[in-house]
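> compute the structure for the input listed below.
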Amino acid sequence: MTEERVEFRVSPEHYKHWRVSCDGPVATLVMDVDEQGGLVPGYELKLNSYDLGVDIELYDAVQRLRFEHPEVRTVVITSGKPKIFCAGANIRMLAASPHGWKVNFCKFTNETRNGIEDATANSGQTYLAAVNGTASGGGYELALACEHIMLVDDRSSAVSLPELPLLGVLPGTGGLTRVSDKRHVRRDLADYFSTKAEGIGGKKAVQWRLVDEAVPRPRWDEAVAERAAELAGRSNRPEGAAGVPLTPLGKTRDDDAITYSCVSAKLNRDAGSVDITIEGPQADPPGDIAEARSADFWPLAVTRELDDLILDLRTNEAELGTWVFRTEGDPARVLAHDELLLASSGDWFANEVLHYLKRTLRRLDVTSRSLIAVIEPGSCFVGSLLELALAADRSFQLAGVFEDKDPDAEPATVTLGDINAGPLTMSNGLARLQTRFWGDEAGYEAAGKRLGAALEAEDAADLGLITFAPDDIDWDEEIRIATEERASFSPDALTGLEANYRFAGPETMETKIFGRLSAWQNWIFNRPNASGADGALRRFGTGQRAVFDRKRV
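Numbers count the residues shown, from 1 in each chain. Sure, this is the predicted structure:
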């Protein structure tokens with residue numbers, strides 16, 4: 001799409017497309033997209049249509065409301081443009097974008113909307129969509145991410161998912177799944193709705209559960225204010241708490257490396273891989289969570305940096321297909337920070353940090369890269385950082401030490417903590433430890449009995465916590481073979497393989513959304529019927545009908 005690297009670090013004073021205001025317990029997010037403010041040249045963002053740049057700002061705003069505004073209990077999302085809420089993803093942008101850009105764009109917008117739902121479910125910040133004009137496609141999908149949807153009843157405004165009849169594709173940010181699994185719209189009505197380009201409005205939209213209420217325009221402002229206040233009254237957000245500013249991330253970036261305070265990445269372009277190192281905390285945690293309320297608190301700092309790195313690599317380095325994770329530091333300090341978070345789970349700040357770490361690890365889970373964890377002497381794959389090894393497609397733990405380098409070193413160990421058994425769930429609703437032992441209750445119980453134990457390679461392998469335990473003679477060769485083998489395979493096939501194996505266990509709305517994005521939506525976007533020279537995306541707005549290959553596959 002662009003030779004310029006995409007930057008995910010942004011702050012409200014530099015927003016082009018959103019306005020944020022807070023009035024006591026109610027915040028308002030106004031979508032007012034700058035038509036000329038596209039991330040790259042070549043299209044205009046008319047009718048509040050959006051591209052990746054618009055959603056980067058939305059993601060930042062959602063994060064800041066959770067951390068910087070503990071007083072906010074309801075977030076109202078509405079439009080700053082007359083008679084249009086949001087026209088969805090910009091069609092010109094999609095038509096001109098390479099396939100990989102489209103898929104990553106949809107993935108990020110999904111994650112942002114999941115973050116909105118997570119704020120409602122776990123942070124006491126309920127999102128209210130005040131749909132003050134027509135919401136089409138991704139615009140309706142944005143409303144679907146909110147807990148409550150109000151639609152202005154003015155005989156012209158409607159909600160719609162017109163992708164199939166107009167564009168030959170499907171709603172890429174979970175629209176179909178949320179209509180059925182979240183809004184519980186009856187199947188036959190949902191089928192009709194998704195093939196009716198002009199959508200549904202007024203009382204029928206309420207009757208079909210597409211929205212929660214339709215409000216006449218003369219009562220609109222009053223009704224939205226009343227509903228926002230009502231939702232705020234249900235919240236458990238603290239009163240009188242001071243927010244934690246998300247200060248700018250320190251980051252250096254060049255062609256070969258990305259470096260933050262706790263996270264660094266070496267880009268190996270010839271090998272098609274990235275070596276990522278996470279540094280554990282340099283000091284013990286504060287005495288209590290009140291002292292920890294700062295962007296410098298290690299669990300928050302490392303999570304923000306890892307989050308930004310994942311987004312940077314995923315968007316800007318598509319050919320670096322294998323990520324190799326290492327850690328360095330004092331395992332005891334990592335576990336101590338975990339214990340402080342868990343012991344303070346009733347505190348709003350500790351709760352936000354835990355859920356942010358959960359969401360960042362989920363972002364890693366759904367990233368189409370091969371993940372390898374390398375566990376060596378001096379590493380700290382314990383507790384929250386052990387989640388990286390549990391998320392990996394393969395893990396290697398050195399048996400013993402490097403005799404020719406440091407024969408007196410302490411052998412590498414891994415340690416399960418309480419944090420591995422609970423709050424950091426995957427998209428399937430299970431902890432990674434549970435997912436690892438899905439269908440193997442005996443194995444799960446055996447691992448659970450060793451919580452807190454520093455496990456050397458042989459014990460970790462016997463418990464099933466790692467994949468391989470080479471000694472120092474075979475170590476370098478084993479890692480080399482694993483990374484080179486990965487680079488030799490088809491990236492498309494690897495993406496399918498990894499997406500299938502990472503999510504054992506129950507299916508949830510979230511696993512459905514990402515699974516379908518990786519499978520049929522990926523396929524549909526790449527077909528000539530959508531993206532070909534005569535496909536629907538290319539011909540949209542030209543006055544010419546798309547030419548379809550009529551064979552069903």
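
> list the contacts for V26?
V72, R73, T74, V75, V76, A225, A228, A229, A232 (C-beta atoms under 8 Å, 6 or more residues apart in numbering). (Each C-beta comes from the backbone N, C-alpha and C, glycine too.)

> ditto for C262
I278, E279, W298, A301, V302, E305.

> that one - nearest residue in space that isn't next to it in sequence?
Closest residue to C262 apart from its sequence neighbours, by C-beta to C-beta, 6 or more residues apart in numbering: V302 at 4.4 Å.

> surely the one you found is in contact with V263?
Yes: with contact defined as C-beta atoms under 8 Å, V302 reaches V263; the gap is 6.5 Å.

> which neighbours do these two share?
Residues touching both V302 and V263 by C-beta under 8 Å, 6+ apart: I278, E279.

> check contacts around R5.
R253, D312, N316.

> next structured bit after the helix or strand bottoming out on mean pLDDT in the chain?
Here the helix or strand of the chain ranked lowest by mean pLDDT, DSSP states H and E is helix 522-526, holding a mean of 75. As assigned by DSSP states H and E, the chain's next helix or strand after helix 522-526 is helix 528-531.

> quick one: buried residues of the helix or strand W101 falls within?
Using DSSP H and E, W101 maps to helix 99-122. Under the neighbour-count criterion of 16 or more other C-beta atoms under 10 Å, helix 99-122 has 100-120, 122 buried.

> now, which of the contacts of C262 sits nearest D34?
Set against D34, the nearest of the contacts of C262 by C-beta to C-beta is E305 (29.2 Å).

> how near is that closest one to I278?
To I278, E305 is 9 Å away according to C-beta to C-beta, to the nearest Å.

> need the overlap of contacts for these two.
C262, V263.

> gap between the most centrally placed residue in the chain and C146?
Closest to where the C-alpha atoms of the chain average out (C-alpha atoms, centre = their mean) is E111, at 3.3 Å. Taking C-beta to C-beta as the measure, E111 falls 16 Å from C146.

> other SSEs contacting the helix holding W101?
When contacts are defined as 3 or more C-beta pairs under 8 Å, 6 or more residues apart in numbering; DSSP states H and E, helix 99-122 sits against helix 52-68, strand 126-131, helix 138-144, helix 298-316, helix 348-365, helix 509-516, helix 522-526.

> just say which of those is most tucked in.
Among the helices and strands packed on helix 99-122, helix 138-144 has the highest mean neighbour count (mean count of other C-beta atoms under 10 Å), at a mean of 28.

> so what touches the next helix or strand after that one?
Scanning forward in sequence from helix 138-144 by DSSP H and E, the next helix or strand is strand 148-153. Defining contact as C-beta under 8 Å, 6+ apart, one finds that strand 148-153 is touched by 126-133, 135, 143, 157-159, 201-203, 205-206, 210-217, 220, 223-224, 227, 231.

> for stretch 15-30, buried residues please.
By neighbour count on 16+ other C-beta under 10 Å, the buried set for stretch 15-30 is Y15, K16, H17, W18, V20, P25, V26, A27, T28, L29, V30.

> mean confidence score for that stretch?
Across stretch 15-30, pLDDT averages out at 98.

> same question for stretch 166-177.
Mean pLDDT, stretch 166-177: 87.

> where exactly do the helices run in the stretch 301-450 of the chain?
331-343, 348-365, 383-391, 432-436, 441-448 (DSSP state H, counting those that start in this stretch).

> what packs against the following helix or strand past the last one?
Beyond helix 441-448 on the C-terminal side, the first helix or strand identified by DSSP H and E is helix 457-463. Contacts defined by 3+ C-beta pairs under 8 Å, 6+ apart place helix 457-463 against strand 394-397, helix 441-448.

> most neighbours per residue, which of these?
Highest mean neighbour count among the helices and strands packed on helix 457-463 (mean count of other C-beta under 10 Å): strand 394-397, with a mean of 23.

> same for it, what does it pack against?
strand 370-375, helix 457-463, helix 475-488.

> pull the residues that contact the shortest one.
Just to be clear, that refers to strand 370-375. With C-beta under 8 Å, 6+ apart as the criterion, strand 370-375 contacts 321-327, 364, 381, 388-389, 391-398, 412, 414, 457, 466, 479, 482-483, 486, 494, 498.
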